[in-house]
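**Q** build me a model from this:
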Amino acid sequence: MKSFYHEFEVNSNIDKVWKFYTDIRHLEVVSPKDIKLNIMQSTDKILKKGTVACFSGKIVISAKWCSKITFFEKYKYVDEMIPNESKKPPFQIWKHEHIFKEIEDCKTQVIDRIEFGLPYGFLGKILEFYIGFKLDKIFKYRKRATIKFLD
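**A** Purely as a prediction, here's the structure:
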């Protein structure tokens, strides 16, 4: 299993950032176009504990997956990849913790912690390093898009 960590600051108050990130459609704004993320379905427009959303897109290969919000309290939530009826998820383990901290009245720290693991044994272990590189690229884009949208 590998870990990924990313943080940045946005010049926006925490409630505005929280409202943006808990709307499922924020993913359309913060996802790079080349991963072709498509929200196929979601049980809720505004995230809450138990929300299940299914997606298609391409991180390394094209895939479909579902995630569930397994923890939710103000300024922090966790989504985990879950199996769906048609396909096994592309990750054996995917746990993404979203944390938002107020720095000043009009400044918020956005923190992402991800634990992930791939299936495929030894080959999966090798690919985990590449996934870490791809996540870094995706989250740099996410930072720019969030700042542009909220500033």
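
**Q** and the closest residue to residue 2 other than its chain neighbours, how many neighbours?
**A** Leaving out its chain neighbours, the residue that sits closest to residue 2 by C-beta to C-beta, 6 or more residues apart in numbering is residue 128, at 4.6 Å. Every C-beta, even on glycine, is put in place using the N, C-alpha and C of the backbone. Close neighbours of residue 128, defined as other C-beta atoms under 10 Å, add up to 17.

**Q** helices and strands around the helix or strand containing residue 128, which ones?
**A** Using DSSP states H and E, residue 128 maps to helix 121-150. In terms of contacts (3 or more C-beta pairs under 8 Å, 6 or more residues apart in numbering; DSSP states H and E), helix 121-150 is packed against strand 2-10, helix 14-21, helix 26-30, strand 107-117.

**Q** quick check: pLDDT value at the residue most central in space within the chain.
**A** Nearest to the geometric centre of the chain sits residue 96, at 6.1 Å (C-alpha atoms, centre = their mean). Listed pLDDT for residue 96 reads 98.

**Q** that one contacts residue 80, doesn't it?
**A** Yes. Residue 96 is within contact range of residue 80, at 7.5 Å (criterion: C-beta atoms under 8 Å).

**Q** what do these two both touch?
**A** Each of residue 67 lies in contact with both residue 96 and residue 80 under the rule C-beta atoms under 8 Å, 6 or more residues apart in numbering.

**Q** who touches the residue nearest to the centre of the chain in this structure?
**A** Residue 96 makes contact with 67, 78-80, 112-114, according to C-beta under 8 Å, 6+ apart.

**Q** just the buried residues of the residues you listed.
**A** Neighbour-count burial (16 or more other C-beta atoms under 10 Å) applied to the contacts of residue 96 gives 67, 78-80, 112, 114.

**Q** next, residue 72: secondary structure please.
**A** Under DSSP: H, G, I helix; E, B strand; the rest coil, residue 72 falls in the strand class.
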